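S.K.: 3D model of this:
(chains A and B)
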2 protein chains.
Amino acid sequence: MMLVKRLRSSTVRWADQLAPFLSHNAQVQTQRFYSSSPYNDGPSVPRGTPDIDPSALTIERTSSPKRLLDPKDLIFGRNFTDHMLSIEWTAQDGWLPPRITPYQNLSLDPSACVFHYAFTCFEGMKAYKDPQNRIRLFRPDRNMYRLNRSSSRIALPTFDGDKFTELISKFVELEERFIPKQKGYSLYIRPTMIGTQNTLGVGPPGSALLYVIASPVGPYYPTGFKAISLEATESAVRAWPGGVGDRKLGANYAPCIVPQIDAAKRGYQQNLWLFGEEGYVTEVGTMNMFVAWVNEEGVKELITAPLDGTILEGVTRESILALAREKLEPEGWTVSERKYTMAEMKKAADEGRLLEAFGAGTAAVVSPVKAVTWRGEEIKIPLSPGKETGPLAESFWNWMLAIQYGEVDHPWSQIVSN
Amino acid sequence: MMLVKRLRSSTVRWADQLAPFLSHNAQVQTQRFYSSSPYNDGPSVPRGTPDIDPSALTIERTSSPKRLLDPKDLIFGRNFTDHMLSIEWTAQDGWLPPRITPYQNLSLDPSACVFHYAFTCFEGMKAYKDPQNRIRLFRPDRNMYRLNRSSSRIALPTFDGDKFTELISKFVELEERFIPKQKGYSLYIRPTMIGTQNTLGVGPPGSALLYVIASPVGPYYPTGFKAISLEATESAVRAWPGGVGDRKLGANYAPCIVPQIDAAKRGYQQNLWLFGEEGYVTEVGTMNMFVAWVNEEGVKELITAPLDGTILEGVTRESILALAREKLEPEGWTVSERKYTMAEMKKAADEGRLLEAFGAGTAAVVSPVKAVTWRGEEIKIPLSPGKETGPLAESFWNWMLAIQYGEVDHPWSQIVSN
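M.R.: Below you'll find the model as predicted:
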């Protein structure tokens, strides 16, 4: 049960620990950090210490397999599979041999830096069953890219994404019985990296743990779409230029709960994050935000905020943009990654040009929005007649699920097993 | 060893958990959050659930007391005392009976929300031995106030600060042998609150753990002051209006490491945080920043950034401001909490008006600054002849230590035991 207990005995002095770290890891991180393009090459692995080695994987199977829940009783992120995948890292020895063990508690010293300084980042991805009963992952390379970007931003180690994907695939195969077969159901996979060094000194962690747990989940909309009402948050700001809002850090999540509670108390399902006096629309809850309108030039436009450092690089966001360019642009649509404001949304609504709005993320895929309340006024957003979605959101949902569940052949979907 | 294992069995559904939470706790938090004054009244305890109860404390003493280290071998935050203080909280039952137990690992489910969403906040405070060998705390009420402000901002529970201080006092008395007697030495106390609920759902934690560990520490300057050189960071921004930079959240710390590493690689001991195109000076590393100059009106001025939501409400900052108003204003100084820029600092330096600069925080008390590099130029800051500090920083250091170590009678210093 003492999964990371060995790290407790680490008594490396601060200076000793910093020196080797700076020699290979910081340089990579610095390069990441100063890069102006959010889509630069993925981070390299620190030189001189071993990378993740899938061939060294050991598997300890559980002796008490869990009973599968009735799919209708699945709650997001509450029930987990039999096992977990863990890979420890130390500044001195690099990535240690990966282990699949029974799902178990982490045992950490109360001074472990994750508890004090939020050394944590994570990913959200899913495994699906296709009609041939094969397991599929959706664009795992994008999650690996992003996790490396996240970890390097908080001085946690980087790794080879293909190797980690190989391990995740083995883990998912082992847990195959937990992947529901019905379309809309999946196995939610949560790779997480935490700093584990035992020190209250504020510095780069000398040890870390990368682990993966998985939770079988049902469809976000078990009885069909349910459009949501948003409240635009004016009192809090999620992210800012030069901050870390474009990385999937734990640090971006805890501060979002109180504004979310505030919106919920007033009857809104989510809050809408704005930025600046101009009221730029950025994200919705923990999803990226898309708006469709006929713009001032009379052209149909699908728009989402650009990756300026304040926007999470959503895999669903990127996929929807690509699908829109492939399928909507030939029909005369413009697809834009640019800033847009609440005032523009309101003007479009007032002039009858607002077509649709929806959130996009791994959990829901798309989440149709029916209204945004901003400065006391409600901006109504059209839905398809008799439906809780607009036609665009529904199309993206259909296109995405067909790929994710392997109903169409597409390079984004990766078969794990046959 | 399974300190919080009981929480793992919590299977409260999201909606069930949110409802009672909103009924008492969110209201308090909302009020905190929207308040415009950074020095409003401390948060209330959620109504309807028990507050912290010092009378319910149980103590389990260690059977293997640690050997005391030679004071010269003490490293900040690396070695801890024999015991820890823990108080669990659940949304349903409020604060559970406090426990002092042997120092031990925390055993947490890998889905615990602290690992994923950075539900963590903390305090830094110290216990001192006075010349009569009594234990003293320094302004614990300010730490309690701030911890409540921090926890409520991330939907963690609040508590009665006096009751928690009473428990900390008992804990410190039990650990008395770890408090070095020499002036400059102390027992660093780390109250920490983490969210412990086992769910990947992003929401207010239904359970939390408040715990205290303590580490004996030596003086920050064992051989006298050592003035530091700073690099002004232009590529990253620590905090933003509407963000959480004024709360002592873990989330504010992990993102600061890479800029710190970058500055260290170029030979600077700390980075200086700026804000905005104007280059407002905000904080230095993890300390508040003070500058002394003869201002444009020819008046000697001690200046620090105002509490506009981007500045941590440092207890040392507040104490230095109070001491300055008491001791410097009668000598013709102006004491200011207002914004100031790098350009103003540079102009003052160029015109020979820059007198002194120093960081202020619990660990170092004051940390003299000898230079700041900004946009490739080095701004030199005067020191006292033949010294590694200026006269002001040295005075504050002397005044603060005399109070902290009980050499003068002062209401800020609270005697724990006789």
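
S.K.: who touches A:Ala349 in this structure?
M.R.: A:Ile379, A:Lys380, A:Ile381 (C-beta atoms under 8 Å, 6 or more residues apart in numbering or on different chains). Where you see a C-beta, it was placed from the backbone N, CA and C, and this is true even at glycine.

S.K.: who wins for neighbours among those residues?
M.R.: A:Ile381 (25 neighbours; other C-beta atoms under 10 Å in any protein chain shown).

S.K.: so how far is A:Val294 from it?
M.R.: Relative to A:Val294, A:Ile381 is positioned 14 Å away (C-beta to C-beta, to the nearest Å).

S.K.: Equivalent analysis for A:Met193, please.
M.R.: In terms of C-beta to C-beta, A:Met193 sits 44 Å off from A:Val294.

S.K.: Give me the more crowded residue out of those two.
M.R.: Legend: neighbour count by other C-beta under 10 Å for A:Met193 and A:Val294, higher for A:Met193 (29 against 15).

S.K.: thought that one was touching A:Cys121?
M.R.: Yes - contact criterion C-beta atoms under 8 Å: A:Met193 and A:Cys121 qualify, at 5.5 Å.

S.K.: between these two, what contacts are shared?
M.R.: Contacts common to A:Met193 and A:Cys121, judged by C-beta under 8 Å, 6+ apart, are A:Leu147, A:Ser150, A:Ser151, A:Leu156.

S.K.: how about stretch A:92-106 against chain B, any contact?
M.R.: Yes - using C-beta under 8 Å from any C-beta of the partner chain, stretch A:92-106 reaches chain B at A:Tyr103, A:Gln104, A:Asn105, A:Leu106.

S.K.: Nearest to chain B, out of the residues you listed: which one, please.
M.R.: Closest approach between the residues of stretch A:92-106 next to chain B and chain B, by C-beta to the nearest C-beta: A:Asn105, at 4.5 Å.

S.K.: which non-adjacent residue is nearest the closest one?
M.R.: Counting by C-beta to C-beta, 6 or more residues apart in numbering or on different chains, B:Ser107 is the residue found nearest to A:Asn105 once chain neighbours are left out, at 4.5 Å.

S.K.: before we move on, the earlier item: which of the residues of stretch A:92-106 next to chain B fall in strands?
M.R.: Taking DSSP state E, the ones among those that sit in strands are A:Leu106.

S.K.: Where does the stretch 101-250 of chain A get nearest to chain B, which residue?
M.R.: Going by C-beta to the nearest C-beta, chain B is nearest to A:Leu200 of the stretch 101-250 of chain A, at 2.6 Å.

S.K.: Contacts only, for the residue lying closest to that residue once chain neighbours are set aside.
M.R.: Spatial nearest neighbour of A:Leu200, chain neighbours left out: B:Gly77 (2.6 Å); criterion: C-beta to C-beta, 6+ apart. If you count contacts by C-beta under 8 Å, 6+ apart, B:Gly77 has them with A:Ser111, A:Thr199, A:Leu200, A:Gly201, B:Tyr188, B:Arg190, B:Ser215, B:Val217.

S.K.: Quick check: B:Gly77 vs A:Ser64, distance?
M.R.: Look at B:Gly77 and A:Ser64: by C-beta to C-beta, they are 39 Å apart.

S.K.: swap in A:Pro110?
M.R.: A:Pro110 is 29 Å from A:Ser64, where distance means C-beta to C-beta.

S.K.: Neighbour count: these two, which is higher?
M.R.: Counted by other C-beta under 10 Å, A:Pro110 and A:Ser64 do not tie: A:Pro110 has more neighbours, with 22 against 6.

S.K.: my guess is that one contacts B:Asn105, does it?
M.R.: Yes - assessed by C-beta under 8 Å, A:Pro110 is found in contact with B:Asn105 at 7.3 Å.

S.K.: if I look at the two, which residues touch both of them?
M.R.: Common contact partners of A:Pro110 and B:Asn105 (C-beta under 8 Å, 6+ apart): none.

S.K.: contacting residues around A:Lys181?
M.R.: Counting by C-beta under 8 Å, 6+ apart, A:Lys181 makes contact with A:Lys129, A:Asn133.

S.K.: In which helix or strand does it reside?
M.R.: Assessed by DSSP states H and E, A:Lys181 sits outside every helix and strand.

S.K.: ok, so what distance separates it from A:Phe159?
M.R.: Distance, A:Lys181 to A:Phe159, by C-beta to C-beta: 32 Å.

S.K.: Could you do A:Gly279 as well?
M.R.: The spacing between A:Gly279 and A:Phe159, counted by C-beta to C-beta, is 39 Å.

S.K.: how about stretch A:57-74: buried residues?
M.R.: A:Leu57, A:Pro71, A:Leu74 (16 or more other C-beta atoms under 10 Å in any protein chain shown).

S.K.: same check, this time on stretch A:182-190
M.R.: A:Lys183, A:Gly184, A:Tyr185, A:Ser186, A:Leu187, A:Tyr188, A:Ile189, A:Arg190.

S.K.: which residue packs closest to the last one, ignoring adjacent ones?
M.R.: With C-beta to C-beta, 6+ apart as the criterion, A:Arg190 has its nearest non-adjacent residue at 5.3 Å, and that residue is A:Ile213.

S.K.: how about the helices in the stretch 51-200 of chain A?
M.R.: For the stretch 51-200 of chain A, the helices defined by DSSP state H, counting those that start in this stretch occupy A:113-117, A:140-153, A:161-174.

S.K.: Run the contact check for the shortest one versus chain B.
M.R.: When you say that, I think you mean helix A:113-117. Yes - using C-beta under 8 Å from any C-beta, helix A:113-117 reaches chain B at A:Val114, A:Phe115, A:His116, A:Tyr117.

S.K.: got the contact list for the second one?
M.R.: Spelled out, that is A:Phe115. Going by C-beta under 8 Å, 6+ apart, A:Phe115 touches A:Leu108, B:Leu106, B:Val114, B:Thr120, B:Thr192, B:Ile194, B:Gly250.

S.K.: can you do 6 Å?
M.R.: Residues counted as contacts of A:Phe115 (C-beta atoms under 6 Å, 6 or more residues apart in numbering or on different chains) are B:Thr120, B:Thr192, B:Ile194.

S.K.: Likewise for the third one?
M.R.: With C-beta under 6 Å, 6+ apart as the criterion, the residues that contact A:His116 are B:Phe122, B:Gly250.

S.K.: Write out the residues of the stretch 101-250 of chain A neighbouring chain B.
M.R.: Within the stretch 101-250 of chain A, the positions adjacent to chain B are A:105-110, A:115-120, A:122, A:154-155, A:190, A:192, A:194, A:199-202, A:204, A:211, A:213, A:235-237, A:240, A:242-244, A:250 by C-beta under 6 Å from any C-beta of the partner chain.
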